[in-house]
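need a 3D model of the following:
(chains A and B)
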Amino acid sequence: METAQETLTAPAATETVNVSGSVALLEALIAEGTDTIFGYPGGAIMPIYDALFDYNDKLNHILVRHEQGGIHAGQGYARTSGKVGVVFATSGPGATNLVTGLADAQIDSTPLVCITGQVFAHLLGTDAFQETDVINITTPVTKWNYQVTDATEIPEVIAKAFYIARSGRPGPVLIDITKNAQIQLFDFAGYKPCDHIRSYRPKPIVRPQYIEQAAALINSAQKPFILFGQGVILGGAEQEFKAFVEKSGIPAAWTVLGAGAIPSDHPLNVGMLGMHGNYGPNVLTNECDVLIAIGMRFDDRVTGRLDKYAKQAKVVHLDIDPAEIDKNVKSTVPVWGDCKETLPLLTKAIEKKEHTEWLAKFNDYTRQEVEAVIHNELNPTTPEMTMGEVIKQLNEITKGEAVIVTDVGQHQMVACRYAKFNNTRSNVTSGGLGTMGFALPAAIGAKFGAQDRTVVAIIGDGGFQMTCQELGTIMQSGIDVKIIILNNRFLGMVRQWQELFNQRRYSFVDIQSPDFVALAAAYRIPGKLVDDRADLTAALNEMLSAPGSFLLEIMVTKENNVFPMVPQGCSVSEIRLK
Amino acid sequence: MSEAEKKQEFNITIYTENQIGLLSRIAIIFTRRKINIDSLNTSPSEIESIHRFNIVINEYEEVVRKLTRQIEKQVEVLKAYYHTNEDVIWQELALYKVSTDVIAEKVSVERLLRENGARAVVIRKDYTVFETTGHREETDNLINILQPYGLIEFVRSARVAIIKDSEGFNSKLREFERLEPGEEVIENEYLNQGEKVFTM
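Residues are numbered from 1 along each chain as shown, chains lettered A, B, ... in the order given. From the prediction side, this is the model:
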């Protein structure tokens, strides 16, 4: 085996080695730089797992407790490392359990290669044991998928899978491999990475005339405003973006997934966009004269009511995906392309400016927001703790250096609003799909993707119970993940909406929880319950200085609302402070 | 309401790789948005291994433009275009099965068929199959004409359409086979100021 492996990785096209489809797959993964796989074995993927037994030294396989946990871990890994997350699952239920994660990765542009086992090719369509039509089930939620029924296809298909997953606008790819193809022996001629598919254009060509037009608009603008999203991070264009912002002097606000592309305390970072974003960025969207959207897709949670969104503004939209241009908001100038390429061109073409008065307007709104919302959220006088003050304390200890992984709901909005990010790839959350249960497994993957960083998962009491089986993965892998459960004894976000819009008819939001600390203890993970403000800082310190994983359950106000808020169906300028 | 704001028939032309599952990947782009496909034809193009889809839907141009971009975004789609009926020459083929006795009896039927451009494909003792090609109204019209004479069976194909102002599209398509195709081939030109629908 050892000698065979050495020969295999060498790209000697003339020599071939007789190997199984499974071995060819693992060799392909190694050639693509894969070091970690999140997976769960089963009947139809057994030949691959059998081959994996001999690859322990090269591929670190993490046994998860549920395939959904596996794929969310793959997403977390991809988000912190910038590499392609790799996930293994068996056929049938194993594969269908991936669907939520695929949908999440598709909408949040996360690069994944998922390998699913499939029944023998001759059994396809016979309703065989654990057979399901994975290709058709996953078509709407994958960037590309393909079924392999012959081992000889494997090297080329895996090369395509990685190329498609990571290039252009990244996304999830699923490769379904029938059991016979996993077993079949064939002459493997070495692995060739893919760098071209004739029907696939990952990046549109940058058109100089659009750069010129955009620069002219920006130069003539009195009240320009930048909105940035994850595209900046996915393009690895953080430096280029910073240079653009600093030369233009334009205030910049972020979408949830764009957080961290520029440090939180950068003077031109004016805060978060959208439904629970900051006051100024929302209100002033409807006052700016030129809106410069960079690597963001005008999600409805960002725009609020579309027919009252930035109607006064000329829109410059930078995006790598042509289908995003004019999808929700009509652009005046579409700047197609990878922002890593377009931003430097734009920076070169614009004049150096300062928009002092305009920026002061944002600061003025910040003052109003601090007074009406933020001060009380971060420094409450109530006996019960708020989610905001926990984040504030955490910031003071981590100094904005930690990776923050959040689930979905009130705690997510609070964490995104108040957490400090000094670095890119630090905010891992389920943005587009809003997948409760995302955070715990994603935090495991996030840590594997950034082993030298502190990873803190912040999760609600509801979401934690959706994937808490992954405590088993933490136990077995020995990974160091800090877990904070912000327990308000409610499904808080739905309760907030029921309070505000359904006359406090609290329909099925009153959720009971187990003793989370005891649950962690059952998995041999130390933990602590904090329900007194006086203990908060010490407990956070204890958690962060613990040698391994640690679970902190923090009891917070039962009925607290996240504000500001743009109610659904309202314009961003109708944002409410209470 | 201006012309552009009205729902109308659009012909979507898609060049794709010949790949299992691609039909479903394209179809769900419509079904996800609850848009009915009125006609769908898929067939190998003039270039080996490249297939051509012709899809007809009745929608607003704004919707069609977005759909076309979503289609073109698919990995195995080479190009997607949309055109109004005025921009294309289109045809549908129809077959009509009628009792041979009736035709023999009534001379007028044969005249009617000839007037409508139909030709006999099969003539048997018991039935005759006529074929005609044309626009939907034309093939519909012949159904109405034949109905009183005992139309036994009718079938119509999906629409095929050729784009009026395509210049050298065949040669552009061939460029895809090169590793580095020219800029105009790989770019989507329909974004260009929006004054024209898909130009080539």
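
going by C-alpha atoms from here, please, whenever you check contacts or count neighbours.
Noted.

kindly provide the distance from residue A:41 to residue A:84.
20 Å (C-alpha to C-alpha, to the nearest Å).

before we move on, which element is whatever residue of chain B ends up closest to chain A in?
Relative to chain A, the nearest point of chain B is residue B:78 (4.3 Å; C-alpha to the nearest C-alpha). Assigned by DSSP states H and E, residue B:78 belongs to strand B:77-84.

can you tell me what sits against the following helix or strand past that strand?
Counting by DSSP H and E, the next helix or strand C-terminal to strand B:77-84 is strand B:88-99. Contacts to strand B:88-99, defined as C-alpha atoms under 8 Å, 6 or more residues apart in numbering or on different chains, come from residues B:11, B:126-136, B:139, B:143, B:146, B:149-164.

need phi/psi at residue A:28.
Main-chain torsions, residue A:28, degrees, to the nearest 10: phi -60, psi -40.

can you check residue B:140 too?
Residue B:140 has phi and psi values of phi -60, psi -40 when expressed as degrees, to the nearest 10.

tell me the domain ranges of chain A?
Per the record, chain A has its domains at A:2-188, A:208-362, A:383-555, by automatic domain parsing.

which one of these lies nearest to chain B?
It is, among those and with distance given as C-alpha to the nearest C-alpha, domain A:208-362, at 5.0 Å.

one step back: quick check, the residue of chain B closest to chain A in contact with residue A:199.
Yes - under the criterion of C-alpha atoms under 8 Å, residue B:78 makes contact with residue A:199 at 4.3 Å.

more neighbours, the two?
Applying other C-alpha atoms under 10 Å in any protein chain shown to residue B:78 and residue A:199 shows that residue B:78 carries more neighbours, namely 25 against 21.

tell me the contacts of the more buried one?
A:198, A:199, A:200, B:14, B:15, B:16, B:17, B:72, B:176.

so where do the strands sit in the stretch 1-150 of chain A?
Along the stretch 1-150 of chain A, the segments classed as strands by DSSP state E, counting those that start in this stretch run A:17-20, A:36-39, A:60-63, A:85-89, A:112-118, A:144-148.

want to try CSV for the ones you listed, with distance to chain B and mean pLDDT as columns?
Output for these, formatted as CSV (distance: least, C-alpha to the nearest C-alpha, whole Å; pLDDT from 0 to 100):
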stretch, distance to chain B, mean pLDDT
strand A:17-20, 24, 96
strand A:36-39, 25, 98
strand A:60-63, 30, 98
strand A:85-89, 20, 98
strand A:112-118, 15, 98
strand A:144-148, 7, 98
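
format those strands as TSV; extra columns: distance to residue A:565.
Shown next, in TSV, are the strands of the stretch 1-150 of chain A (distance: least, C-alpha to C-alpha, whole Å):
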stretch	distance to residue A:565
strand A:17-20	56
strand A:36-39	37
strand A:60-63	40
strand A:85-89	34
strand A:112-118	33
strand A:144-148	37
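
now mean neighbour count too, for the ones you listed, in TSV please.
Below are the strands of the stretch 1-150 of chain A laid out as TSV (neighbours: other C-alpha atoms under 10 Å in any protein chain shown):
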stretch	mean neighbour count
strand A:17-20	18
strand A:36-39	26
strand A:60-63	20
strand A:85-89	29
strand A:112-118	30
strand A:144-148	23
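
so chain B: which segments form each domain?
Using automatic domain parsing, chain B is parsed into the domains B:3-88+B:164-191, B:89-156.

where does the chain dip in pLDDT?
In the absence of a named chain, chain A is used. A:1-14 (pLDDT under 70).

my bad, chain B
Using pLDDT under 70, chain B drops low at B:1-4, B:167-200.

and the contacts of the longest helix along it?
Selection of the longest helix in chain B by residue count, based on DSSP state H, yields helix B:61-73. Helix B:61-73 is contacted from outside by A:200, A:322-323, A:327, B:4-8, B:10, B:12, B:14, B:26, B:29-30, B:77-82, using C-alpha under 8 Å, 6+ apart.

please repeat the previous calculation with a cut-off of 6 Å.
For helix B:61-73, the external contacting residues (C-alpha atoms under 6 Å, 6 or more residues apart in numbering or on different chains) are A:323, B:79, B:80.

out of the residues you listed, who's nearest residue B:55?
residue B:80 (10.6 Å; C-alpha to C-alpha).

hey, what's that closest one bridged with?
Beta-bridge pairing for residue B:80 (DSSP bridges): residue B:14.

count of residues packed around it?
The tally of other residues near residue B:80 (other C-alpha under 10 Å) stands at 22.

if I pick it, what's in contact with it?
B:13, B:14, B:72.
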